[in-house]
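> compute the structure for the input listed below.
(one chain, ligands or ions: 1)
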Amino acid sequence: IMETGTLQKFLEDFRMQNKAVFILGATGETGQVLLREILKRNLFSKITLIGRRKIEFEEEAYKNVHQEVVDFEKLDEYASSFQDYDVGFCCLGTTRSKAGAGEVEAKIEELNFDRYTIFRPAVLLCDRKEFRPAEWLTRKFLGSLPTSWAKDHSVPVITVVRAMINNLVTPSDKKMELLDNQAIHNLGKAEDSTQP
Ligand SMILES: NC(=O)c1ccc[n+]([C@@H]2O[C@H](COP(=O)([O-])OP(=O)(O)OC[C@H]3O[C@@H](n4cnc5c(N)ncnc54)[C@H](OP(=O)(O)O)[C@@H]3O)[C@@H](O)[C@H]2O)c1
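Residues are numbered from 1 along each chain as shown. Have a look, this model is predicted:
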């Protein structure tokens with residue numbers, strides 16, 4: 001477990017580097033919370049959302065957020081949209097049955113990033129607007145169980161997002177890191193004193 005002071009120093013060091021980030025899937029449950037949290041912490045000097053549609057934001061905090069609309073079926077034609085970024089977050093969502101487990105992770109390895117982290121949360125706890133019956137049932141079920149058991153089988157979206165941010169700002173020599181649900185809980189609960 002990281003100490004508060006250490007994490008805060010990492011956050012400050014990171015902020016000083018004025019990095020540019022793109023986010024895929026910023027309209028999704030995880031992506032929305034991630035965008036909100038990185039804006040709140042003022043972590044990047046440039047933020048671009050890359051998606052298949054444009055989002056309308058009303059809040060002042062979002063006024064400097066750039067957006068690029070791309071066709072995900074023809075990504076080769078949009079290579080320039082992904083250039084000149086230091087960091088990329090992928091929060092694209094699909095169900096495991098649609099995606100094919102492990103397939104995405106294998107493809108990411110081929111891309112040869114300097115450093116990347118794969119997050120493997122269990123059931124995400126969020127207030128999804130779209131109704132997904134299987135998720136709803138799982139949540140009802142988890143809610144009726146002892147908290148320790150629920151913790152092994154679910155994780156709040158905000159915890160995942162905090163883990164993503166804490167992982168990002170923490171220097172590492174490892175080229176690849178894989179965080180399972182337990183690791184996400186541990187890293188995501190690390191105290192963040194920059195929060196009000
Ligand atoms: N929900 C869970 O319990 C759970 C559990 C474990 C792991 N995960 C994984 O965690 C990740 C994020 O989950 P989430 O619940 O935050 O996702 P989500 O709310 O379903 O968000 C989906 C995002 O992906 C985009 N997207 C989906 N299909 C696309 C396509 N064909 N082309 C372009 N964009 C597409 C959506 O864009 P539009 O707004 O344009 O549709 C949206 O931004 C997913 O990979 C999911 O499999 C989820």
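> immediately after the lowest-mean-pLDDT helix or strand in the chain, which helix or strand?
In the chain, no helix or strand scores lower on mean pLDDT, DSSP states H and E than helix 96-99, which sits at a mean of 62. Downstream of helix 96-99, the first helix or strand assigned by DSSP states H and E is helix 103-110.
> buried set for that following helix?
Judged by neighbour count using 16 or more other Cβ atoms under 10 Å, helix 103-110 contains no buried positions. C-beta here means a position set from N, CA and C on the backbone, and glycine is covered the same way.
> what does it contact?
Y116, I118, M176 (Cβ atoms under 8 Å, 6 or more residues apart in numbering).
> give me the number of residues near the closest residue to the last one other than its chain neighbours?
The shortest distance from M176 to any residue other than its chain neighbours is 5.9 Å, reached at Y116 (Cβ to Cβ, 6 or more residues apart in numbering). Taking other Cβ atoms under 10 Å as the neighbour definition, Y116 ends up with a count of 17.
> over to the one 5 residues further on?
A count of nearby residues for P121, using other Cβ under 10 Å, gives 21.
> tell me the contacts of it?
Contact analysis of P121 by Cβ under 8 Å, 6+ apart lists V155, V160, N181, I184.
> closest to A61 among these?
V160 (20.9 Å; Cβ to Cβ).
> give me the nearest residue to that closest one, chain neighbours excluded.
In space, V160 is closest to P121, 5.2 Å off (Cβ to Cβ, 6+ apart).
> could you look up the SS state of that neighbour?
Here P121 is coil, with the state taken from DSSP: H, G, I helix; E, B strand; the rest coil.
> dump the residue contacts of F22.
By Cβ under 8 Å, 6+ apart, the neighbours of F22 are I47, T48, L49, I50, E68, F82, Y85, V87, G88, F89.
> among these, which ones are buried?
I47, T48, L49, I50, Y85, V87, F89.
> just the residues you listed: which are in strands?
Secondary structure from DSSP state E places I47, T48, L49, I50, V87, F89 of those in strands.
> got the residues you listed as JSON lines, with distance to the ligand columns?
Output for these, formatted as JSON lines (distance: Cβ to the nearest ligand atom, whole Å):
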{"residue": "I47", "distance to the ligand": "15"}
{"residue": "T48", "distance to the ligand": "14"}
{"residue": "L49", "distance to the ligand": "9"}
{"residue": "I50", "distance to the ligand": "9"}
{"residue": "V87", "distance to the ligand": "17"}
{"residue": "F89", "distance to the ligand": "11"}
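> okay, how far is it across stretch 167-186, tip to tip?
11 Å (Cα to Cα, to the nearest Å).
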